[in-house]
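Colleague: This is the structure alone, sequence omitted:
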């Protein structure tokens, strides 16, 4: 046979494009339009429907960036339309869409005149069935059209003004397309879906496989059977020509794909939070409408925050969602408040994501999610397995690791082992997308890419338009039905994520194990971008700790006269959790998002300061004594942990010696020497007498790097940044200031054209040197690092993570280690050798790098650098411009215990009040290795006291936790405060004797 394959394929492409697709809607008539332009921010539907709508010219340009236009659509359906079998009437609305990037352009939502939602209008979902209007043949409804600009601009990563409403301009972004009544030919539409599925499958089959040619010839027969001049009348014959190839079942050993509907809606990104709320309404209204027509369709919804918005702003839609949850079609998953970043949130915040998320789903729907669902976060903390299990969940799903630049994960289904030894059943869908369309290419890729063949044979595929929302379409469901059992294709089953996990766990008994963090070999710049957002997060986390501790103390100590502000604390926690979303806290959103975040953090701080002040006043009573509130888990200035008392003011002096421009500070605990440029040339702790700074390589060394990643500007730091660096050793000015109980070296420099002032403080009795760097930052595409070359032979660094720390090698023996050239640490990082180490803490910095080199003298220099500031151009061209203040401390002669303490010292600054009496701690712990992370009242309103603590040193530790108040009993509970088994614990009235494994997380409930 002559090879005409390519000719037939080209013929098919054109036949589909020019014959079949136009015949889906064989006839149409235009609707009459009127409109009202919203002056500024969006308004509720009730307000919009009261406005005066004026005639709207069809095809007109519309939509200044971020504006909203309301359209009224009116018309009459011809009497004979939709009356023949296989036909239906639909309204088709084109707001000026392009077919690329749904969710990143204009969108709309249709409303009935009574103010009820119909469904959304989007680039690949433009139809509204007449039956949904409920108005007979007379058409009269509204479309709320959002002129969201295309910030991505083809993913060129070019600087754009569209991310800030004040710079976005007023030029119309779109031009209205066809807005018509149309008659749908159902048979043609079904034929279109047949062809799409077979065409996609055919192109994935090997050239030598007979099945490929059977499909090709069937499609050729279809084209011969369908009359181009009467597609509607001959479409049935075309479908008949394809029946046999569609009927052939999948191979018995074919890979099984469980397809679950999904819409990954970023809670903010290239759009502000206010637009995300509308994106959720659009997507979820589409979903529930689709469920009415497809009873087997299930949809996985992962963020409690998004459903909370629907409950608040779209209560009728929320009611429809609750009905679909009860029917088993709309399925809450993930159990988190938002799909958060997992690298940077603190331990308690990470726990609260599950507490608030699972709590909302349980309260509103009676659903206890069993899976954590984070397809798009930028790497996964090694603390997550324990946190997920402590929340009562048992499975974990991610997708983002498929973006790794260098190394490929060896498994798709595995047990993930965390820092404490907890193992979590984990799946990493081999389809390599969370926005699948169920195309032939995607399905074939999932089967070929699956790395566990022979042991397992099932994977998950989340399908639906995402990032900017949209969700599944009827075309995707048609593809799922056609590939349920189709020769040459994996088997596709519509189902829930839970049904997948249960099936996968049953078929794959002896799972491989991945130990430690799942580091994303990409997006390393997110540890540093948008420093003010990161500072707000860190400060908010610690203010919430203080507020809950002192409010709980006041509720117990001042029972009857003080009311625990549970609702207000919950509100503030939820706002902080929202801003830990994986495009807000990482700094990868438009300017509008980060401006909102900074305003929110200011309001959070003000509210929490007021709450703390009221609790402190209630606790201490009136008086003139100066009292220190110590919210830290360690004693400070002679005030024990979690207590309020008068501080010990006998701190001693700091000696200052100035010679030849150099300065030496000595407080009897440590001695620091600075050269005339303010560089740290010596740092010795008197206890060991050992020099911490490497010879000839000064600390406190600022370096300015070129920072021009290949793409994803705010997200990425590429390794080649190291090759272009300017050492900022020269000082414009240096002086010494004496203060009561402290000495300060003040150094002024320039970083490019940005003024830098460093205040280097040694306080009396302090074991650490504090460096506060103030920068008026005006650089572009630069990275500012602060380095400390240490005379330590460290084979690994220890970085704080949630409820513990993670070790990472300092060498680069393998590609996995080399890829970790930028790492994340929370409040501290530690490097050491047996018997000696150095701890470096920070107030809001997360990005670090640690390198090791052997010197000519045979010694080893381990250099720790902190990434202070970046200046990315996309998506916020003004990112990080302006004033910043960043504090770093360095503590020589420190072990892990001292590093933990230093992290709290830096992030919980002393708080003094005037009052009449000290306050004993609400709880005490007799072993500092057991660190109390939270003290609060129980969420059920019982007044019971909840204490959350963890083993902090990475070793087996024992300790007794005792209530400082009358307690009937104590029990171990999970994060949601439900009783759990506590093997090895001795729980008696008011005390808990614990023996904890390394990094074990424990929550105790003390009944009052």
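Modeller: Nice, I can see it. From a predicted model like this one, the values you see are computed outputs, not experimental measurements.
Colleague: host element of residue 252?
Modeller: When elements are assigned from DSSP states H and E, residue 252 belongs to no helix and no strand.
Colleague: Next, count neighbours for it.
Modeller: 6 (other Cβ atoms under 10 Å). All C-beta atoms are positioned from the backbone trio N, CA, C, and that covers glycine.
Colleague: Show the pLDDT at it.
Modeller: If you check residue 252, the pLDDT there is 95.
Colleague: just the one 3 residues further on next, same as before
Modeller: According to the predicted model, the pLDDT of residue 255 comes to 98.
Colleague: Residue 511 and residue 430: what is the separation?
Modeller: 16 Å (Cβ to Cβ, to the nearest Å).
Colleague: Residue 385 now?
Modeller: From residue 385 to residue 430 the distance is 21 Å (Cβ to Cβ).
Colleague: Isn't residue 846 up against residue 825?
Modeller: Yes. With contacts counted by Cβ atoms under 8 Å, residue 846 reaches residue 825, the gap being 6.6 Å.
Colleague: Which one of these two is surrounded by more residues?
Modeller: Neighbour count, other Cβ under 10 Å: between residue 846 and residue 825, residue 825 has more, with 29 against 26.
Colleague: Please name the residues that touch that one.
Modeller: Residue 825 makes contact with 799-801, 842, 846, 848 under the criterion Cβ atoms under 8 Å, 6 or more residues apart in numbering.
Colleague: What is the most widely separated pair among those?
Modeller: 801 and 842 (14.1 Å; Cβ to Cβ).
Colleague: Now residue 365: closest residue in space that isn't a chain neighbour?
Modeller: Spatially, and ignoring its direct neighbours in sequence, residue 365 is nearest to residue 325 (4.7 Å; Cβ to Cβ, 6 or more residues apart in numbering).
Colleague: what about the one you found, how many neighbours?
Modeller: Neighbour tally, residue 325, other Cβ under 10 Å: 20.
Colleague: cool, the one 10 residues further on as well?
Modeller: For residue 335, the tally of surrounding residues (other Cβ under 10 Å) stands at 29.
Colleague: I'd say it and residue 352 touch.
Modeller: No. Shown here, residue 335 and residue 352 do not form a contact pair, counting by Cβ under 8 Å, at 12.0 Å.
Colleague: Confirm that residue 222 lies within a helix, as I assumed.
Modeller: Yes. Looking at residue 222 with DSSP: H, G, I helix; E, B strand; the rest coil, it is inside a helix.
Colleague: Identify the residues contacting it.
Modeller: 191, 195, 238-239, 241-242.
Colleague: Could you check how far it is from residue 479?
Modeller: Here the criterion is Cβ to Cβ. By it, residue 222 lies 17 Å from residue 479.
Colleague: just residue 997 next, same as before
Modeller: Relative to residue 479, and taking Cβ to Cβ, residue 997 is found at 48 Å.
Colleague: Out of the two, name the residue with the larger neighbour count.
Modeller: Using other Cβ under 10 Å as the criterion, residue 997 and residue 479 rank with residue 479 on top: 25 against 14.
Colleague: I'd say residue 875 and residue 158 touch.
Modeller: No. Applying Cβ under 8 Å as the test, residue 875 and residue 158 come out as separate, 10.2 Å apart.
Colleague: Between those two, which is the more surrounded one?
Modeller: A count of neighbours by other Cβ under 10 Å puts residue 875 above the other of residue 875 and residue 158, at 28 against 12.
Colleague: Contact partners for that one?
Modeller: Per Cβ under 8 Å, 6+ apart, neighbours of residue 875: 151, 160, 163, 270, 588-591, 713-714.
Colleague: Which PyMOL command selects the buried ones in those residues?
Modeller: This is how PyMOL selects the buried members of these, with burial counted by 16 or more other Cβ atoms under 10 Å:
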select buried, resi 151+160+163+270+588+589+590+591+713+714
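Colleague: Using JSON lines, please lay out the contacts of residue 875 together with pLDDT and secondary structure.
Modeller: Output for those, formatted as JSON lines (pLDDT from 0 to 100; DSSP: H, G, I helix; E, B strand; the rest coil):
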{"residue": "151", "pLDDT": "97", "secondary structure": "coil"}
{"residue": "160", "pLDDT": "96", "secondary structure": "coil"}
{"residue": "163", "pLDDT": "98", "secondary structure": "coil"}
{"residue": "270", "pLDDT": "98", "secondary structure": "coil"}
{"residue": "588", "pLDDT": "98", "secondary structure": "coil"}
{"residue": "589", "pLDDT": "98", "secondary structure": "coil"}
{"residue": "590", "pLDDT": "98", "secondary structure": "coil"}
{"residue": "591", "pLDDT": "98", "secondary structure": "helix"}
{"residue": "713", "pLDDT": "98", "secondary structure": "coil"}
{"residue": "714", "pLDDT": "98", "secondary structure": "coil"}
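Colleague: Where does pLDDT dip in the stretch 651-800 of the chain?
Modeller: For the stretch 651-800 of the chain, the stretches flagged by pLDDT under 70 are 651.
Colleague: Oops, could you answer that again for the stretch 351-500 of the chain instead?
Modeller: Within the stretch 351-500 of the chain, no range satisfies pLDDT under 70.
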